[in-house]
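> could you work out the structure for the sequence below:
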Amino acid sequence: MNLGLTVGYWQKSVEDLTETVQAAERLGYDSVFTAEAYGSDALTPLAWYGARTSKIKLGTAVTQISARTPTATAMHALTLDGLSGGRLILGVGVSGPQVVEGWYGQPFGRPLARTREYVDVMRQVWSREQPVTNDGPHYPLPCRSGTGLGKSLKSIAHPVRSRIPVYLGAEGPKNVALAAEIADGWIPFFLDPSMVESVYGDALADRHPDFDIVAPVTTVVTDDLDMALQIAKMPLTLYMGGMGAREQNFHLDLIGRLGYAEEAHRVQELFLAGRREEAVRAVPDELADATSLLGPIERIKDRLTLWRDSPITTLLIAGVRDEPTLRALADVIRG
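Numbering: from 1, shown residues only. Prediction:
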């Protein structure tokens with residue numbers, strides 16, 4: 001199982017985590033991943049960290065496909081991959097209707113079909129086998145409206161790699177199946193390692209042998225397990241309660257598939273009512289513990305068995321910033 005680090009997106013103010021990323025590289029971490037929601041973007045920090053490192057892989061978990069056209073994302077990717085010496089892992093995802101329609105001003109419909117077209121266009125850009133075209137309805141190239149002067153083009157730049165790895169951030173079984181079909185890896189969310197097969201086994205059945213399952217896991221190393229559980233509940237509360245509309249919240253649906261549908265709806269009700277502390281307390285301890293690595297380092301070492309016995313191939317440590325803890329985790333995970 002590979003070991004990586006996820007630093008997420010900025011929380012309110014600027015977060016330059018260069019020292020953390022450099023420490024992870026020194027300790028042999030395989031990758032560092034960034035993210036974006038509706039604030040800081042995922043690609044700029046990777047360029048910053050990539051310029052200050054030499055070996056660690058640079059991943060996005062994830063860039064939102066509605067934020068950029070597929071050719072724009074392909075340009076970002078080939079540029080960053082080239083400057084970093086072929087270190088990019090491009091994770092992409094559809095986000096949800098609240099962000100796509102409220103932030104990017106685009107309709108959310110047909111996310112699977114949009115993703116399929118998006119990935120195909122990017123791979124055409126990188127391969128440079130012929131001018132890029134797309135007959136699909138979502139990203140037609142050349143454009144079918146306007147002046148009629150649009151011309152199919154081939155990238156002027158020659159990518160360092162003609163096939164940059166593309167991973168899909170996916171939660172629903174159909175989207176996970178799409179990842180197994182067209183992508184090089186899958187980035188799940190709030191994953192219980194003991195339930196990967198029961199929840200996603202069918203969706204992952206046709207994945208290729210080198211398919212990478214990259215699982216971010218909230219990690220809190222402390223002797224105070226109760227405090228660790230409270231910390232782990234905070235992102236669960238935010239995503240069940242606030243990262244999606246009341247009527248459609250993919251994260252809420254995911255927690256339901258893990259067996260906590262009633263509890264998830266209660267958390268959402270409390271969160272949307274402004275009762276945030278109650279919402280955190282309403283997250284079941286068992287759910288927070290199952291989707292995280294919490295407590296003293298020996299307890300984490302014991303619980304790693306569940307992750308090693310699952311189909312997960314890369315573990316992304318989330319929430320750790322200091323080098324001593326990164327070192328301790330590296331020792332137990334590799335041990």
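> ramachandran angles for residue 6?
Here the main-chain torsion angles of residue 6 (degrees, to the nearest 10) amount to phi -120, psi 130.
> so it sits against residue 61, correct?
Yes. Under the criterion of C-beta atoms under 8 Å, residue 6 makes contact with residue 61 at 6.0 Å. (Glycine included, C-beta is placed from N, CA and C.)
> overlap in contacts, these two.
Residues touching both residue 6 and residue 61 (C-beta atoms under 8 Å, 6 or more residues apart in numbering) are 33, 34, 35, 216, 316.
> list just the nearest of the residues you listed to residue 263.
Checking the shared contacts of residue 6 and residue 61 against residue 263 with C-beta to C-beta, the nearest one is residue 216 at 21.5 Å.
> now that closest one, what's its secondary structure?
Going by DSSP: H, G, I helix; E, B strand; the rest coil, the secondary structure assigned to residue 216 is strand.
> counting contacts, what elements does the helix or strand of the chain with the lowest mean pLDDT pack onto?
Among the helical and strand segments of the chain, the one scoring lowest on mean pLDDT, DSSP states H and E is helix 250-255, with a mean of 85. Packing partners of helix 250-255 (3 or more C-beta pairs under 8 Å, 6 or more residues apart in numbering; DSSP states H and E): helix 225-241, helix 261-272.
> so which elements touch the last one?
Applying 3+ C-beta pairs under 8 Å, 6+ apart, one finds that helix 261-272 contacts helix 225-241, helix 250-255, helix 276-282.
> what's the distance between that helix and the middle of its chain?
Per C-alpha atoms, centre = their mean, to the nearest Å, the displacement of helix 261-272 from the mean C-alpha position of its chain is 23 Å.
> touching that helix from outside, list them.
Contact partners of helix 261-272, identified using C-beta under 8 Å, 6+ apart, comprise 236-238, 240-242, 246, 249, 252, 255-256, 276, 278-279, 282-284, 287.
> buried ones only from those, please, as a ChimeraX command.
Buried residues among the contacts of helix 261-272 (16 or more other C-beta atoms under 10 Å), as a ChimeraX selection:
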select :236,237,238,240,241,242,249,252,255,256,279,282,283,284,287
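> which SS class is residue 327?
Applying three-state DSSP: residue 327 is helix.
> list the buried ones in stretch 107-123?
By 16+ other C-beta under 10 Å, the buried positions in stretch 107-123 come out as 108, 111, 114, 115, 116, 117, 118, 119, 121, 122, 123.
> so who does residue 163 touch?
Residue 163 neighbours (C-beta under 8 Å, 6+ apart): 123, 126, 127.
> filter those down to just the ones in helices.
Among these, the members falling in helices (DSSP state H) are 123, 126, 127.
> which residues in the stretch 101-250 of the chain form helices?
With DSSP state H, counting those that start in this stretch as the criterion, the stretch 101-250 of the chain has helices at 111-127, 173-182, 196-200, 225-241, 250-255.
> do you know how far the nearest residue to residue 124 once chain neighbours are set aside is from residue 190?
Of all residues not flanking residue 124 in the chain, residue 132 sits nearest, at 4.6 Å (C-beta to C-beta, 6 or more residues apart in numbering). The gap separating residue 132 from residue 190 is 36 Å, by C-beta to C-beta, to the nearest Å.
> same deal with residue 310?
As judged by C-beta to C-beta, residue 310 and residue 190 stand 14 Å apart.
> more neighbours, the two?
residue 190 (22 against 19; other C-beta atoms under 10 Å).
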